[in-house]
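> here's my sequence, what's the structure:
(4 chains)
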Protein chains: 2
Amino acid sequence: MEPVPMLLAMTYRAMGDQFHDRLRQIGLEPLRPAHGYVFRFLKAKRATTVDIGQHLGVTKQAAAKIVNELDEWGYVLREPHPTDKRAQYVTLTTKGRDYLKLADNLWSDLENEMAEAIGRDTLDAVKTGLAAYLRHVHGEDQPGLRPAW
Amino acid sequence: MEPVPMLLAMTYRAMGDQFHDRLRQIGLEPLRPAHGYVFRFLKAKRATTVDIGQHLGVTKQAAAKIVNELDEWGYVLREPHPTDKRAQYVTLTTKGRDYLKLADNLWSDLENEMAEAIGRDTLDAVKTGLAAYLRHVHGEDQPGLRPAW
DNA sequence: TCCATGTAGTCAACTTGGTTGTCTAACCAT
DNA sequence: ATGGTTAGACAACCAAGTTGACTACATGGA
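Here you go, the predicted structure:
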């Protein structure tokens, strides 16, 4: 059997490719994975560019580029931080939230198809297993999200 | 619960980081993941540069760069293809096989620690589950190995 | 209160790891 | 034979990161 990391990489790639294809079928401009992960992160918590960089596992400069793009395209906007005059909160616009909602539906479709293919219980085991491993290696502080290739 | 692809990416990243750290602890020059995947591929079957590119999920030119590096560093060598005068088989040197053996040991250490953390049965479910999914979406023809970020 | 140290964000230069495009030589099916 | 395809090499380019430097603001002592 293939080593775990190869299985992870191949599955990630396979799901990502399918997601990308379906987005294009719908006719929606396919943002890169990083963009989607930013949306999801912003939905969960208020965050600055630095926070986003940390979450993605890239430098703040790289994160700033991504935020700039999302801003230009109208998916997010910046608002002043209430107490820190240096910082800015990055927040989702309606367009951003709509995109995220659509993407979430697509992902859950894919996940359901996966459940159908390998069994719901196996899928659950995969998810809880990976989540448990992540809690084990890092405590509560997330690792970088970006796969280092 | 986080969507599956995020779990995959985070786990891949977490394991890769650990692997990388331990290689450095040993004092071994840490090649990139792609290099290791090439070793593993070459061990399994005779392959040309084009084959390698396909397996990794990159263009043949990108694959050629990687093969060139591995050649310079003494991990692989090229030998003429028996029937096709255009093509060359890329094969592991002893140095390459040694590196792979060491890396394999490291990976199996990591996998054992994972088994300890989440339970051997859960780990088995993860592996068989992902493998089954991959067989389901692509038939027998592998997807690209490289995660598209 | 003042000062030392640290941090958010921005700008610029650079590196890396890929891409596309083009070409030659060899292959192969009609 | 010959027309279409393929392996490999060379070159130009590009995307997405990096490091480094700087400004403005924050924060926690002495």
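
> give me the number of residues near residue A:43?
By other Cβ atoms under 10 Å in any protein chain shown, 14 other residues sit near residue A:43. All C-beta spots, glycine's among them, are computed from the backbone N, C-alpha and C.

> any weak-confidence spans in chain A?
Filtered on pLDDT under 70, chain A yields the residue ranges A:140-141.

> could you say which helix or strand holds residue A:91?
Residue A:91 is part of strand A:88-92 when elements are defined by DSSP states H and E.

> how about that strand and DNA strand D, touching?
No. Counting by Cβ under 7 Å from any atom of the strand, DNA strand D has no neighbours in strand A:88-92; the shortest distance is 11.5 Å.

> residues of that strand that come out buried?
A:89-90, A:92 (16 or more other Cβ atoms under 10 Å in any protein chain shown).

> so can I have a markdown table of the residues you listed showing distance to residue B:22?
Listed next are the buried residues of strand A:88-92 as a markdown table, based on distance: Cβ to Cβ, whole Å:
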| residue | distance to residue B:22 |
| --- | --- |
| A:89 | 39 |
| A:90 | 36 |
| A:92 | 39 |
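
> out of the residues you listed, which comes closest to chain B?
Set against chain B, the nearest of these by Cβ to the nearest Cβ is residue A:92 (17.2 Å).

> that closest one: what's it in contact with?
Neighbour list for residue A:92: A:39, A:42-43, A:75-76, A:100 [criterion: Cβ atoms under 8 Å, 6 or more residues apart in numbering or on different chains].

> give me that answer again for 6 Å
Shown in contact with residue A:92 (Cβ atoms under 6 Å, 6 or more residues apart in numbering or on different chains): A:42, A:76.

> specify the beta-bridge partners of it.
Using DSSP bridges, the bridge partners assigned to residue A:92 are residue A:76.

> so the helix or strand harbouring residue A:71, near chain B or not?
Secondary structure assigned from DSSP H and E places residue A:71 in helix A:60-72. No. If you take Cβ under 6 Å from any Cβ of the partner chain as the test, helix A:60-72 misses chain B, and the best it gets is 11.5 Å.

> ok, back up a step: is any residue of the strand holding residue A:91 near DNA strand C?
Yes. Applying Cβ under 7 Å from any atom of the strand, one finds strand A:88-92 touching DNA strand C at residue A:88.

> excluding sequence neighbours, find me the nearest residue to residue A:132.
residue B:118 (4.6 Å; Cβ to Cβ, 6 or more residues apart in numbering or on different chains).

> burial of the one you found, as a residue count?
Residue B:118: 22 neighbours (other Cβ under 10 Å).

> ok, it - contacts?
By Cβ under 6 Å, 6+ apart, residue B:118 lies in contact with A:129, A:132-133.

> ok, residue A:2 to DNA strand D distance?
Applying Cβ to the nearest atom of the strand, to the nearest Å, the value for residue A:2 to DNA strand D is 24 Å.

> the strand or helix carrying residue A:127 packs against which elements?
Per DSSP H and E: residue A:127 is located in helix A:120-137. Packing contacts for helix A:120-137, counted by 3 or more Cβ pairs under 6 Å, 6 or more residues apart in numbering or on different chains; DSSP states H and E, involve helix B:4-26, helix B:94-118, helix B:120-137.

> looking at it, residue A:23 is touching residue A:29, isn't it?
No. Assessed by Cβ atoms under 6 Å, residue A:23 is found out of contact with residue A:29, at 8.1 Å.

> higher neighbour count, those two?
residue A:23 (18 against 8).

> check contacts around that one.
residue A:30 are the contacts of residue A:23 under Cβ under 6 Å, 6+ apart.
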